[in-house]
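Colleague: how would this look folded up:
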Amino acid sequence: MNSRRLLPALLCALVCLGAATHALAQSPSVLYTFDNSGNAVPNIEAWIRGFGAAGTTATLDNAIAGTLTITETSPGASTGLSQAFSDGFNRVRESSTAASGGLDLTGLDFLEWDLGHNGVGNVNVQFFVQASTGSTYVALGPDVVVGPGIATYSLPLAGLTPNQLVYVRTMGINIRDHAAEGNLVWTVNELRSAGTPLTERDLVTHNTGTAEGGLQGAIVNFDNAAVMGNNGGQNQTGLSHNAVGSGSLQWTDLGGQNGAAITWGNGTAWNGNTFNNRTTDLSNYTDMLVRISATDPLNGGGSLGLNAFMQRNNFVFQSVQGGAGANVPIDGKFHTVRWSLAGMTSLNVVDTTGINLFGHPQNLVINVDRVRFLQVPEPATASIVFLAVIGCLGVLRPARRS
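Modeller: Next comes the predicted model:
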């Protein structure tokens, strides 16, 4: 085969394959619309003035449904000074007034703001987030020129680390000095996250090197007496990391009583309180998979039953798939159990995800290797790859002989 034909064909196939298997992004959604709903009308959805130049003030209002109005009121001759505004530290999104913690933007590409002002000239604005449990201030790229009237501004999330993306405390605008314009009235109509939805997400893997020495935020949630070594609290006592293989979460589940209920947050460190690793956005997924093993040190055999549950939107409990149980052979081998998320509500603000072991007569050593979420049916990636490669292989056809 002619090497000059082979090289471009292989490059084409690799490009097509890369495009078809590109890692997609987490669920995009509308975060704020200022729709004048809720207990207070007007309702500014807990937005705040964060900071600003000395003496500056502003009034935030939602008198017009669908609009957050920010009116600068800097006193005296020094008007048009810098001020910053954001959503509240204890508000995840507009639709979930009960939830607190961090907004999960894992895998997403952008934040989109519908924003403008009533001036006649341009004003520089720094778009930012405060992310991770330390509320680290991160600018979303360089300053952006915002002109009069309403326009959409798309801000990249590429500068955030995974721990920051999964836990965004605030999203805001830092309006730079604009003395030539004087005090302005700013309008925010909508704030959205943007990207192509993920089809698969590992909430936890317990791999060696993950958070908290591999515990990755896991805690004993209830039926604590079933976990050998637990001190009776909703905490990590009695849990350990098994470094064999890629690593797993391990505990001894005591027999003769209800099995333990173990929960996870967003995959980062528990750090003493679930506030530090909630909430998680799982709204894009249809199925939950848990890879788990049960070992009977006395080789009694049998099977272990378990089901799954979530606590959402301020820890409201809901069983996954109506509490349907699954059975795992007690053979020391890993098995994957699966539940449908059909009928689950508030999946965009999940505080904890958990499994509840059923009672068993003997003591069992339990290992959880992974908790995974899938979107089913998944996009036809294999078909895309097949068609892409077949299309590229057209370049490889031998030349016709005359």
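Colleague: which stretches of the stretch 251-400 of the chain have low pLDDT?
Modeller: Applying pLDDT under 70 to the stretch 251-400 of the chain flags residues 378-400.
Colleague: Would you map the helices across it?
Modeller: 381-393 (DSSP state H, counting those that start in this stretch).
Colleague: can you give me the strands for it?
Modeller: All strands of the stretch 251-400 of the chain, identified by DSSP state E, counting those that start in this stretch, fall at 261-264, 287-295, 303-312, 316-319, 326-329, 335-340, 350-357, 364-374.
Colleague: Out of those, which is closest to residue 111?
Modeller: For residue 111, the closest of the strands of the stretch 251-400 of the chain is strand 350-357, at 20.8 Å, according to Cβ to Cβ. For the C-beta atoms, the positions are set from N, CA and C on the backbone; glycine is no exception.
Colleague: list the helices and strands the closest one packs on?
Modeller: In terms of contacts (3 or more Cβ pairs under 8 Å, 6 or more residues apart in numbering; DSSP states H and E), strand 350-357 is packed against strand 261-264, strand 287-295, strand 303-312, strand 364-374.
Colleague: Can you list the helices and strands that the shortest one packs against?
Modeller: If contacts are counted by 3+ Cβ pairs under 8 Å, 6+ apart, strand 261-264 sits against strand 219-222, strand 350-357.
Colleague: so of these, which one's packed in deepest?
Modeller: Comparing the helices and strands packed on strand 261-264 by mean neighbour count (mean count of other Cβ atoms under 10 Å), strand 350-357 ranks first with a mean of 24.
Colleague: Mind checking the strands of the stretch 251-400 of the chain for the one nearest to residue 201?
Modeller: Going by Cβ to Cβ, the one of the strands of the stretch 251-400 of the chain nearest residue 201 is strand 364-374, 4.9 Å.
Colleague: ok, the closest one: who's next to it in the sheet?
Modeller: strand 200-204 (antiparallel), strand 248-253 (antiparallel), strand 287-295 (antiparallel) (DSSP bridges).
Colleague: in stretch 333-342, what counts as buried?
Modeller: Within stretch 333-342, the residues scored as buried using 16 or more other Cβ atoms under 10 Å are 334-335, 337, 339, 341.
Colleague: If you count neighbours, what's buried in stretch 27-42?
Modeller: 27-29, 31-36, 42.
Colleague: Between the residues you listed, which sits nearest residue 284?
Modeller: Ranked by distance to residue 284 (Cβ to Cβ), the buried residues of stretch 27-42 are led by residue 27 at 3.8 Å.
Colleague: Is the closest one within a helix or a strand, and which one?
Modeller: Under the criterion of DSSP states H and E, residue 27 resides outside all helices and strands.
Colleague: ok, the closest residue in space to it that isn't next to it in sequence - contacts?
Modeller: Using Cβ to Cβ, 6 or more residues apart in numbering and skipping residues adjacent in sequence, the residue nearest residue 27 is residue 284, 3.8 Å away. Counting by Cβ atoms under 8 Å, 6 or more residues apart in numbering, residue 284 touches 26-27, 197-198, 375.
Colleague: and those, which are buried?
Modeller: Buried, going by 16+ other Cβ under 10 Å: 26-27, 197-198, 375, out of those.
Colleague: To what extent is residue 331 buried, counted in neighbours?
Modeller: 15 (other Cβ atoms under 10 Å).
Colleague: and the closest residue to it other than its chain neighbours, how many neighbours does it have?
Modeller: Distances taken as Cβ to Cβ, 6+ apart place residue 301 nearest to residue 331, at 7.4 Å, with adjacent residues excluded. Residue 301 has 10 neighbours, counted by other Cβ under 10 Å.
Colleague: my guess is residue 301 meets residue 330, correct?
Modeller: Yes: the pair residue 301 and residue 330 passes the contact test of Cβ atoms under 8 Å, sitting 5.8 Å apart.
Colleague: same question for stretch 50-64, mean pLDDT?
Modeller: For stretch 50-64, the mean per-residue pLDDT is 92.
Colleague: what is the mean pLDDT for stretch 169-178?
Modeller: Stretch 169-178 comes out at a mean pLDDT of 97.
Colleague: what comes into contact with it?
Modeller: 31, 50, 53, 80-89, 102-103, 111, 113, 115, 119, 121, 123-132, 135, 143, 184, 186, 191.
Colleague: If any of these are buried, put those into a ChimeraX selection.
Modeller: Provided next is the ChimeraX selection string for whichever of the contacts of stretch 169-178 are buried by 16+ other Cβ under 10 Å:
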select :31,50,80,81,82,83,84,85,86,87,102,103,111,113,115,119,123,125,126,127,128,129,130,131,132,184,186,191
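Colleague: closest to residue 255 out of the helices and strands packed on strand 350-357?
Modeller: strand 364-374 (7.1 Å).
Colleague: Tell me what angle that closest one forms with strand 350-357.
Modeller: 140 degrees (axes from the mean of the first three to the mean of the last three Cα atoms, to 10 degrees).
Colleague: Take strand 364-374, keep the C-alpha atoms, and write them as CSV.
Modeller: What follows is strand 364-374 as a C-alpha-only set of coordinates in CSV (Å, rounded to 0.1, in the frame of the first residue of the first chain):
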residue,chain,number,x,y,z
LEU,A,364,-18.7,-9.8,56.4
VAL,A,365,-15.8,-7.8,55.1
ILE,A,366,-17.2,-5.4,52.6
ASN,A,367,-15.3,-3.6,49.8
VAL,A,368,-16.8,-0.9,47.6
ASP,A,369,-14.6,-0.2,44.5
ARG,A,370,-16.7,2.3,42.7
VAL,A,371,-20.0,4.2,42.5
ARG,A,372,-20.8,5.2,38.8
PHE,A,373,-23.6,7.0,37.1
LEU,A,374,-24.6,6.3,33.4
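Colleague: so it versus strand 303-312, what angle?
Modeller: Using the same axes, to 10 degrees: strand 364-374 against strand 303-312 is 50 degrees.
Colleague: contacting residues for the most centrally placed residue in the chain?
Modeller: Geometric centre of the chain, nearest residue: residue 104, 3.0 Å, by Cα atoms, centre = their mean. By Cβ under 8 Å, 6+ apart, the residues touching residue 104 are 26, 165-168, 266, 279-281.
Colleague: go with 7 Å
Modeller: 26, 166, 266, 279-281 (Cβ atoms under 7 Å, 6 or more residues apart in numbering).
Colleague: same check, this time on residue 56
Modeller: For residue 56, the contact set (Cβ under 7 Å, 6+ apart) comprises 74, 81, 83.
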